Structures are given as structure tokens and as C-alpha cells.
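Asks: Dropping a prediction and its sequence here:
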Amino acid sequence: MSEPIIKFDKVVKRFGSVTVLNELDFSVSPGEKVTIIGPSGSGKSTVLRILMTLESINDGVVWVDGEPLWHEERGGKLQAASEKHMHRMREKLGMVFQQFNLFPHMTVRRNLTEAPIRVLKLSKKEARERADRLLEMVGLQDQADKYPHQLSGGQQQRVGIARACAMRPRIMLFDEPTSALDPELVGEVLNVIRNLAEEHDLTMLLVTHEMQFARQISDRVCFFDRGRICEEGPPSELFSEPKEARTKEFLRAVVDPDSAKGEKQASAEG
Amino acid sequence: MLFGIHWDTSSDLAFAASILPILLRGMVITIEATVLGFFIALVLGLVLAVLKAAPTRIVSWPALVVTEFVRDTPLLVQLFFLYYVLPEYGIVLPAFLTGALALGVQYSAYTSEVYRAGLEAVNRGQHEAARALNLTTTRTFTHIVLPQAVPRVIPALGNYLVSIMKDVPVLSVVTVLEMLNVAKIIGDRTFNYMIPLSMVGGLYLILTILASAGVRYLDLKLPKIGIPLK
Ligand SMILES: Nc1ncnc2c1ncn2[C@@H]1O[C@H](COP(=O)(O)OP(=O)(O)OP(=O)(O)O)[C@@H](O)[C@H]1O
Ligand SMILES: [Mg+2]
């Protein structure tokens, strides 16, 4: 196996007196598609948020692409990273949020071109072309001049995915991308993610409750419990023959008829 | 006679008609002081709001103290301070500028609170999305957060515009010839206070109604979600 592109080395995260991640060890290979499942409050979002530098860590080291994310090596020692270092590291990552977090005062196209122009220094023309290609990819080429509030939730989330892709990250983080959607809109978003997952080089980290979907697209599923990985393995094994009692209990609780329905719709539309 | 304009005391109506141009001269000063004071309050208030939101206490504390101090002392005290104390340190400003500055400083304490509430009302997810897209803090503030905060604060800021206008007569104590001062001088000289003062009341009413309507128009015109850029 090649060098991991993401590596959590004994990472500790506390909120006040609550320890959310307890010496977490976790790594992901380049191009790997990993799904994180687990009960509410188990630290799934926290893992993604730490990677996106939205949340700092209390102890341990997070490595991304061979470099520490929250530290810089100075004089042979790891020290707290400067904003410049994190800015450079963030270029490797993109994130899709549960609540979309589109910029409501900008058109769809402007949502997609703002950062490429400002951060990647693309020309307006290049950024526009890139945006239009991505909108086509997510099936929204006709919506470029609309504002986010004029779109359905599913369309907004597809814009969210396109916006993250516009920065060409090597790692994509999805934090429950379909949890805020009406059931009938879940399929269209999953289809877009499924297409992305076919890109060989893209590393994907997905937190989701769509077990059926996780089974289809992931190389590996990690079951989080109380800030640690309780069990992990290929989806065929973890879903069919979970070993840990906690995993079995969790899977039994989340087997809901909705996920099967979402799937049928997804394949019907796609 | 005032501003070279004579008044006609032959009848009440003639008197009112003859002093109207004089009062309007005062009204221009009132409007100018309002606009300048409001402008100072808008800019200074935003600066204070940003400083108060700063992550380090060294920056946020002085801003909080200044706001609290300004808010808890009467406008008249600040005005006297600027008018009588600053010249002792070699800073001599015309009465009008001193007055507008006092109004602006006083109201910046209020506008900074309005801005702060507006900035805090912008969803945390907006900051996070901007960060995930690697936008700089400055760019995030000026192009993501501020455009969403401004439409929310316009009604509240508009109310302060009207308040400032109604506070302009305070400037008469440092000799600014705003509308009320003009009316008082006319009264002093003609022994008729009733007509000029009533007219000032009426003119104020018109100004206030116009300003409020303007603010409401602006509020309706701006999309609630934010000011689209370009
Ligand atoms: N900013 C914060 N301040 C305090 N506690 C927090 C904060 N963010 C998260 N937590 C706590 O950390 C724990 C883990 O949160 P996290 O969001 O990672 O859970 P999760 O696995 O994503 O859960 P969910 O499925 O509900 O999204 C929770 O107990 C949560 O209450
Ligand atoms: Mg979560």
C-alpha cells in the first residue's frame, strides 16, 4: 500500500471537558473512498472539520499528503502552524456541508467562480468556463444565473458539490450531504457523488446515514463510536458480518426502509 | 434681519412667509449636520464593531470600553468636551464640524451594536464555507459576511438617522446655526417665538417622515438575502 494521504496520529480533540476524539489513529490511502458511520456525537463531523481546519486539535498530529496539517516543522520540531501553512494545506481539501452553505447573495455561477478567481488566481474567463463545465457535470447548466434560494435543496447541494470541485482538491470531504434533504431529492445528490467516486485519483471521505449508498461506493467503511474507530473493513464485510457488538447494534438501529427507496429513485433518475 | 433676509411683522401670515427662507437656511445646516454625523457614525461604528469582534482582548477591550463610555455619557458633555477641551490641545475645529463629530461619535456607539448584531446573525456556515474555499479573512469579511449583514441592519441604522436629525438642535449650544437656533434668534429679536418654533416643528415633521420613507424604500428595494455584487 502507498503512503497514506490522510493520517491521524493519536489525535485528541476536546470541547471543554468533553473528549470527543480520544487518541484517534486513522489513515486513508490516496484515491480511497472511505465512509464513516456511527451514532450521533461519535465525532464523525469532528474528523472532517479538523481536516478542513475548521476545528483545531488538542494533541497528536494530523498528516495530509505527507505534511502535518496543524503543525510546521521548524528546527526539527513540530510547532503550531502559521496561517500561511494552513492556507497551502487547505488547497488539497474540499468540503461539502450538510446545510450546503452556499453564498446566498451570489448567483450560482458566482458561487463557483469566487474562490477560483480570488484564491487560485484564475482569469474570469477560465473560472467561468470551469464553472460552466462543473454545472453541466451536476446537471445544472441552466441554473447558472439563479440565486441559491431559487433552487431546490437537491439542486443547492449539487451546486455545493460543484463549488468544492471548482478548487480541484485531491481530497473531498462530505459531511452528511443528503441529511438536510427531502427524501425525494436524495437520489439526485447521491448520483453526483457516485459519479465523482468513479474518479480514480480523488480521495473521498464521506459521513452518511445512507447505508446502501455507502455499500456501493466505498472501499472501506469505518464505524465510529465515542471518538474511536470501533470497527472497519470493506463494506461487504462490515455490513454483512459485523464483528463488534456495538456495530451490530448500530446497524440494526439504522436499517430503515427509506434508504432502499432513495436508491431506487437514484437509479431511475440516473 | 438674519442671513440678510428681513422679516415682515405686519401680519402672522406675512411673518411666517418672510421667515420661511431663513428657517430653510437653518434646515440646510440641520441636514448637513445630520448627514455628516450619520456618515461618521456609520464608518466609526463599523470600525468599532470589527474591533469588538476581534479574537484578541487587547483589541476588543478598548473598543468595548470606548463604546460603553460614549453610550453612558450625555451628548452635551461630549460636545462641550470637543468644543472647549480640544482647542486647549491645539485642535481647533469649526463649530459645525465639532458638532457633527460629536453626533457621529455618540451614535457610533449605537451603530456599532447594530453592526455587531448583524454580523453575528450571519450563519456560521458562511464563515466555514469561505474557509473551506480558502478565501482570506479580509475577503470573507468584505465579500461574504458584510453583504449579508448590511441589508439586515438597514432599518435599525435608518432609525438612528432620524434620531441624529432630532439631536441636531443640541449643537445650538456651540453656536451652530441649525434650524432651532435660527428660530430662537428670530424669536429673541421679534418677541414672537410661537410662529418660528411651530414652523420648526412642522419642518422637522416633514424631514422625519421623508427620512423614514426613504429608509423603508431602501429596505424594500434591497433583497433580504444580501446585496448582490456586480
Ligand atoms: N463547537 C462545539 N462545542 C462543544 N461541543 C461540540 C462542538 N462541536 C461538537 N461538539 C460535541 O462533540 C461531539 C462530537 O460531535 P460531532 O459533530 O463530531 O458528532 P457527529 O458524529 O458528527 O454526530 P452527528 O451524527 O450528530 O452529526 C458531540 O458530543 C458534540 O456535542
Ligand atoms: Mg455530524
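Replies: Arrived safely, thanks for sending. Ligands and ions are numbered 1, 2, ... in the order given.
Asks: Now do the strands in the stretch 151-270 of chain A.
Replies: A:171-175, A:203-207, A:220-225, A:228-233 (DSSP state E, counting those that start in this stretch).
Asks: distance between the second one and the chain's centre?
Replies: Between the mean C-alpha location of strand A:203-207 and the chain-wide mean there is a distance of 5 Å, by CA atoms, centre = their mean, to the nearest Å.
Asks: Other residues contacting that strand?
Replies: A:5-6, A:28-37, A:44-45, A:47-48, A:51, A:170-177, A:193, A:196-197, A:214, A:217-218 (CB atoms under 8 Å, 6 or more residues apart in numbering or on different chains). In this view, the C-beta of every residue, glycine as well, is placed from N, C-alpha and C.
Asks: now stretch A:92-112, how far from the chain's geometric center?
Replies: Averaging C-alpha positions (CA atoms, centre = their mean) puts stretch A:92-112 14 Å from its chain's average.
Asks: what does the average pLDDT come to for it?
Replies: For stretch A:92-112, the mean pLDDT works out to 95.
Asks: same deal with stretch A:239-251?
Replies: For stretch A:239-251, the mean pLDDT works out to 89.
Asks: same question, stretch B:46-65
Replies: Across stretch B:46-65, pLDDT averages out at 90.
Asks: is the particular helix or strand that has A:Lys7 in it up against ligand 1 anywhere?
Replies: Element membership for A:Lys7 (DSSP states H and E) is strand A:6-15. Yes - remark: strand A:6-15 sits within contact range of ligand 1 at A:Phe15, by CB under 6 Å from any ligand atom.
Asks: Please save the CA atoms from stretch A:4-14 in CSV.
Replies: Presented in CSV, the C-alpha positions along stretch A:4-14 are these (Å, rounded to 0.1, in the frame of the first residue of the first chain):
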residue,chain,number,x,y,z
PRO,A,4,-1.4,7.4,3.3
ILE,A,5,-2.7,10.7,2.1
ILE,A,6,-4.5,11.3,5.4
LYS,A,7,-3.2,10.1,8.7
PHE,A,8,-4.4,10.8,12.2
ASP,A,9,-1.8,10.0,14.7
LYS,A,10,-3.1,9.8,18.3
VAL,A,11,-5.3,12.8,17.7
VAL,A,12,-7.1,14.2,20.8
LYS,A,13,-9.9,16.7,20.5
ARG,A,14,-11.7,18.1,23.5
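Asks: Does that stretch reach chain B?
Replies: No - using CB under 8 Å from any CB of the partner chain, stretch A:4-14 stays clear of chain B, coming no nearer than 15.8 Å.
Asks: Closest residue of chain A to chain B?
Replies: When distances are taken as CB to the nearest CB, chain A approaches chain B most closely through A:His105, which lies 2.6 Å from it.
Asks: in the helix or strand where A:Glu136 lies, what counts as buried?
Replies: Using DSSP H and E, A:Glu136 falls within helix A:124-137. Buried residues in helix A:124-137, counting neighbours by 16 or more other CB atoms under 10 Å in any protein chain shown, are found at A:Ala127, A:Arg128, A:Arg130, A:Ala131, A:Leu134, A:Leu135, A:Met137.
Asks: ok, of those, which one's closest to B:Thr137?
Replies: A:Ala127 (21.4 Å; CB to CB).
Asks: Could you pull up the contacting residues of that closest one?
Replies: Residues counted as contacts of A:Ala127 (CB under 8 Å, 6+ apart) are A:Leu112, A:Thr113, A:Pro116, A:Ile117, A:Ala166.
Asks: Generate a ChimeraX selection restricted to the buried subset of these.
Replies: Selection of buried members from these for ChimeraX, criterion 16+ other CB under 10 Å:
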select /A:112,113,116,166
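Asks: Any chance of the contacts of A:Ala127 in CSV with secondary structure as columns?
Replies: Converted to CSV, the contacts of A:Ala127 look like this (DSSP: H, G, I helix; E, B strand; the rest coil):
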residue, secondary structure
A:Leu112, helix
A:Thr113, helix
A:Pro116, helix
A:Ile117, helix
A:Ala166, coil
